[in-house]
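Peer 1: missing the sequence, but the structure's below:
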């Protein structure tokens, strides 16, 4: 079990390094559909078709994370395999699976945004993510016990066919920001 955890941690570090190197193209960050770059749009009506990439990016830019190297996992198929999400449950847009994952290199912090094919599938998408969080909590007890509370209080949201999970340095703030993005 320890060997598997170490192997998984090494794989995550390699992916995070590769993603951060690929993401170093510069540019100004732009939150989605809001005039205020520091707060979630509290009164915005929920969009009928959210862009999971923009949603995850906005969360990464507006929610506090301990790990400053939170990076996009660009290989969507790998992200689905890593989180053990059945690809058949995930919606596609222009042939691209609608999943966006940001992962940290040295903490269990993450953002996972998925558009499921329907509302029933959204519940099934969340289950393996919750199982991974449970696994992380068990393993971080010895590896980084200060991270366990962060994992145990992860934000888990299902809104229609959208699944959003965030483990951040301030999960309360993350939950409020995500609710604002969803118009709750």
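Peer 2: Cool, the structure landed. Source: prediction; values computed, not measured.
Peer 1: Tell me who's in contact with residue 163.
Peer 2: Counting by CB atoms under 8 Å, 6 or more residues apart in numbering, residue 163 touches 112-116, 122, 125-126, 129, 157. Placement of C-beta: from N, CA and C, glycine included.
Peer 1: Looking at those residues, which are in strands?
Peer 2: Assigned to strands by DSSP state E, the following of the contacts of residue 163 qualify: 112-115, 157.
Peer 1: Can you mark which positions in the longest helix along the chain are buried?
Peer 2: In the chain, taking DSSP state H as the definition, the longest helix is helix 119-143. By neighbour count on 16 or more other CB atoms under 10 Å, the buried set for helix 119-143 is 121-122, 124-126, 128-129, 132-133, 136-137, 139-140.
Peer 1: swap in stretch 150-167?
Peer 2: So, applying 16+ other CB under 10 Å, buried residues of stretch 150-167: 150-151, 154-159, 161-167.
Peer 1: residue ranges for the strands of the chain, please.
Peer 2: Going by DSSP E, the chain shows strands at 71-72, 92-93, 96-97, 99-103, 110-115, 155-159, 162-167.
Peer 1: okay if I get these as TSV plus distance to residue 83?
Peer 2: Formatted as TSV, these follow (distance: least, CB to CB, whole Å):
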stretch	distance to residue 83
strand 71-72	15
strand 92-93	17
strand 96-97	12
strand 99-103	7
strand 110-115	7
strand 155-159	13
strand 162-167	9
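Peer 1: and the ones you listed as JSON lines, adding distance to residue 81 and mean pLDDT?
Peer 2: As requested, the strands of the chain are arranged in JSON lines below (distance: least, CB to CB, whole Å; pLDDT from 0 to 100):
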{"stretch": "strand 71-72", "distance to residue 81": "16", "mean pLDDT": "93"}
{"stretch": "strand 92-93", "distance to residue 81": "16", "mean pLDDT": "96"}
{"stretch": "strand 96-97", "distance to residue 81": "11", "mean pLDDT": "96"}
{"stretch": "strand 99-103", "distance to residue 81": "11", "mean pLDDT": "96"}
{"stretch": "strand 110-115", "distance to residue 81": "13", "mean pLDDT": "98"}
{"stretch": "strand 155-159", "distance to residue 81": "21", "mean pLDDT": "97"}
{"stretch": "strand 162-167", "distance to residue 81": "17", "mean pLDDT": "98"}
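Peer 1: Point to the residue nearest the middle of the chain.
Peer 2: When CA atoms, centre = their mean is applied to the chain, the residue found nearest the centroid is residue 111 (1.6 Å).
Peer 1: Specify the beta-bridge partners of that residue.
Peer 2: residue 102, residue 166 (DSSP bridges).
Peer 1: That one reaches residue 102, doesn't it?
Peer 2: Yes - counting by CB atoms under 8 Å, residue 102 is a contact partner of residue 111 at 4.2 Å.
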